[in-house]
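[1] Sequence plus the predicted model coming up.
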Amino acid sequence: LLQLTKKLIEIRQVLLSIDQSEALKLPSIVVIGSQSSGKSSVLEAIVGHEFLPKGDNMVTRRPIELTLVHTPHDDTTSPPEYGVFPSLGAQKVTSFPAIQRTLTELNQSVPSSIAVSSDPIYLRIHSPHVPDLTLVDLPGYIQISSMDQPEALKEKISELCDKYIQEPNIILAVCAADVDLANSAALRASRRVDPLGSRTIGVVTKMDLVSAEVGASILKGNRYPLHLGYVGVVCKAPTGFGSARIRRGGEAPNLTGAVLRREKEFFGSAENARFFYPPSERGSSRSSSDDMAGKVMVGTDTLRKRLMAVLETSMAANLSGITNAVQLELEEASYQFKVQYNDRRITPEAYVAETVDALKVRFKEFTSQFTKPQVRSKLKAMLDDKVMDILEQLYWADQRAAELSRLGEDKRLQPDDLDNYWKYKLDTASSLLTKSGVGRDSTQLVAEGLRGLIDSLATGEPFTFHPEVAERIIQFSRAILRERLGVTADQVENCIKPYKYEVEVDEREWEIGRQHSEEAFAMEISRCEGKLADIKKKVGGTRKLSSLVSFVHDIERRDAERTRRRFGSFGGGDSEENAAEANAEEAPLPDSYKYSPAQVADGRLAALFSDRLAILKARHKALQSKRCRMGPEQKAFCPEAFLSVVAEKLAYTSTMFINIELLEQFFYQFPREIDSRILYDLDRNEIAKFARENPVVKRHLDLQDRKDKLEQVMRSLQSLANMRQEKEPRSTRS
Ligand code: GDP
């Protein structure tokens, strides 16, 4: 025995996993018959278990593509009998009632409005009791259309069956013995596609319902000859079969034995045997000469054997055709693989490893943006902004601002002679800076930079294809940052603590701070001038701007007067004067109609900038002055230079500790987390899924897979052909 069917069924399984191209399909046995003809009973007798959906309304709504795999008894590693629904995963279903429930559910997933779907349910049953067969159970033909089974449904079922009864499939036409064969929908359908019956087997069920004589004459098939013949069966299981034993907790009994016993009782009984068995098999009960036995086939067992033989023959006949088709597909796949990928093989594992490596390399490149000097200059810029804010708040907004610049110019004045007002002001400014939450702010700033870096890594190629993994990267990097953030901020804050009390400045530091401050002021001045120029341009020239500004000053003066009058002047003054001024308030502003509110707003802004510019210029001059160049002891005269030195010291210290506590830790941990959370954490399936998320890789893998499988199939087919050739001489001669 070549076991051609078994091997081809395996091949079929492989081909199905690539695609379902009709060209590659191997023959199956397609079971058709009218409703209640006994179709399910026949299939269940072959499988040996009740497993098909049962019920009052039509139960088979989708084709069930059933693959029976004969597994030898001695395989102790897996359960003796089980079913697998490939579409639901590789899980083994060991109980037949559970298979039945799943089939019913899959059937009912077709809405009753559609009633019949051509989308097949795939089911594999492995058992030592089944032959190697591929069977397709189809919805039963409807004989009489009624309210709940309309004409359209009848058509639909018929069309679905027509799709399946095409070559090279073998048709199993199920007809009940007690119904005239002339009325058999199954035979009618078969005759349309297979007029000679060369690939149709008739199964006549319910033989027990007609007399042996009538039954035997049906099986002879004189009226509707079929080349492959008819097999008569009695498949009805004894009522309540199985359920009682299952209820008692035992294993589901095998149906086949029960059916076989029943059939033996029926076909082999004293009065029937002569119609169904040849004398040799009948033993002693030899009788009349009208013996027609020997020419008919009966029994489920015979049916099984017949099916195996017919399928084997059909497979053999199709072998060369299939081999050719596979060969063509393989050539095409190999050609494409060569042309598109130059025969370069890839694996999902390699892709994951490459992706991770590339990620680490890019991470490493990115980290070069976080060297100490770079971090320090970022922090310094942030602190410089703070210094400007503090200066604005404490000095520029001070009415006495101009006074400090003037005092600075007085050469005889010693630092100790300076009014305490300015000394306190400097202390306040310094402590505003050192106590502004430098630890938190500087750590935050660097952490934000890191976050931005990770985001740009995780949203760049190829992670655009891998949103889940990208999310993972973002999550675990955030987690590392979160963990380090508090510690780092505290550490930094702790280390800058001495500066909150005293900042010692040497000559060199002072000069650097002074120069830096001078540059900062020059920049601030040019920014201010730029803004002013913009407004001038908008307003329409220097003259227009200056008249607008003097108008704004006018209003401001008037507003100030009005306030003074309403709340009383500091100098008192008599009430009559006040009254006169109150009247004057009513006098209209001469130029008020000339400007729109937007222009007035511009004017106010311009006034502000030119005031600011005056202060900035005065301070810029002071910073360049001899006094400021003299050294740190002049700090109260030159708060800008002093604060710049403090900012520099804060930036330096912060950078040192942020580097140790945050950056070094992060740069060490991140690549390791990539390994443990991506490289080692993904299981085989996740790796395959990950690789296939990238369409380029997916295409490559799919083609490679297809080629591999076709090669594997081709090898199997060739070894089958070789084996057949060895056997050929004997079988052709016989
Ligand atoms: P299906 O609708 O074609 O699948 O038919 P079923 O297999 O469900 O059978 C329809 C009815 O016929 C059921 O009540 C079966 O018990 C009964 N039946 C099936 N085979 C036989 C048989 O060989 N003899 C008798 N007497 N009844 C049978």
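    Arrived safely.
[2] What residues does the stretch 51-200 of the chain have near the ligand?
    The stretch 51-200 of the chain has residues Gly140 near the ligand, with proximity defined as CB under 6 Å from any ligand atom. Glycine gets a C-beta too; all of them are placed from N, C-alpha and C.
[3] Leaving out chain neighbours, which residue sits closest to the closest residue to the ligand within the stretch 51-200 of the chain?
    Residue nearest to the ligand within the stretch 51-200 of the chain: Gly140 (5.0 Å; CB to the nearest ligand atom). Using CB to CB, 6 or more residues apart in numbering and skipping the chain neighbours, the partner closest in space to Gly140 is Gln35 (3.7 Å).
[4] My understanding was that the one you found contacts Leu138; is that so?
    No: using CB atoms under 8 Å as the test, Gln35 is too far from Leu138 to be in contact (11.4 Å).
[5] between these two, who's got more neighbours?
    Leu138 (24 against 17; other CB atoms under 10 Å).
[6] What is the neighbour count of Gln108?
    Quick note: Gln108 (other CB under 10 Å) scores 14 neighbours.
[7] Could I get the phi/psi values of it?
    Main-chain dihedrals, Gln108, degrees, to the nearest 10: phi -80, psi -10.
[8] if I pick it, what's in contact with it?
    Shown in contact with Gln108 (CB atoms under 8 Å, 6 or more residues apart in numbering): Arg61.
[9] What's the separation between it and Leu66?
    Going from Gln108 to Leu66 by CB to CB, to the nearest Å gives 18 Å.
[10] Run through the residues that contact Ser34.
    140-143, 174-176, 179, 184-186.
[11] correction: Ile454
    Applying CB under 8 Å, 6+ apart to Ile454 gives the contacts 473-474, 477-478, 670.
[12] count of neighbours near the residue nearest to Ile658 when sequence neighbours are not counted?
    In space, Ile658 comes closest to Val446 once its chain neighbours are excluded; the distance is 5.3 Å by CB to CB, 6+ apart. For Val446, the count of nearby residues is 25 (other CB under 10 Å).
[13] Quick one: the strands in this protein, in order.
    Here the chain has its strands, by DSSP state E, at 29-33, 64-70, 82-84, 92-93, 121-127, 133-137, 170-176, 200-205, 230-232, 297-298.
[14] Reformat the ones you listed as a markdown table; add mean neighbour count.
    As requested, the strands of the chain are exported to a markdown table (neighbours: other CB atoms under 10 Å):
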| stretch | mean neighbour count |
| --- | --- |
| strand 29-33 | 26 |
| strand 64-70 | 21 |
| strand 82-84 | 21 |
| strand 92-93 | 16 |
| strand 121-127 | 21 |
| strand 133-137 | 23 |
| strand 170-176 | 27 |
| strand 200-205 | 26 |
| strand 230-232 | 26 |
| strand 297-298 | 24 |
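[15] Could I get those in CSV, plus columns for mean pLDDT and distance to Gln704?
    Formatted as CSV, the strands of the chain follow (pLDDT from 0 to 100; distance: least, CB to CB, whole Å):
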stretch, mean pLDDT, distance to Gln704
strand 29-33, 93, 34
strand 64-70, 90, 26
strand 82-84, 92, 26
strand 92-93, 90, 29
strand 121-127, 91, 25
strand 133-137, 91, 28
strand 170-176, 94, 35
strand 200-205, 94, 41
strand 230-232, 92, 46
strand 297-298, 88, 48
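[16] Please identify which of those is closest to Val438.
    In terms of CB to CB, the element of the strands of the chain nearest to Val438 is strand 92-93, at 64.8 Å.
[17] partner strands of that closest one, parallel or antiparallel?
    With DSSP bridges as the test, strand 92-93 is paired with strand 82-84 (antiparallel).
[18] Show me the contact partners of the strand it pairs with.
    Defining contact as CB under 8 Å, 6+ apart, one finds that strand 82-84 is touched by 51, 90-94, 96, 99, 123-127.
[19] Let's see that with 6 Å instead.
    92-94, 99, 123-126 (CB atoms under 6 Å, 6 or more residues apart in numbering).
[20] Val233 reaches Thr300, doesn't it?
    Yes: contact criterion CB atoms under 6 Å: Val233 and Thr300 qualify, at 5.2 Å.
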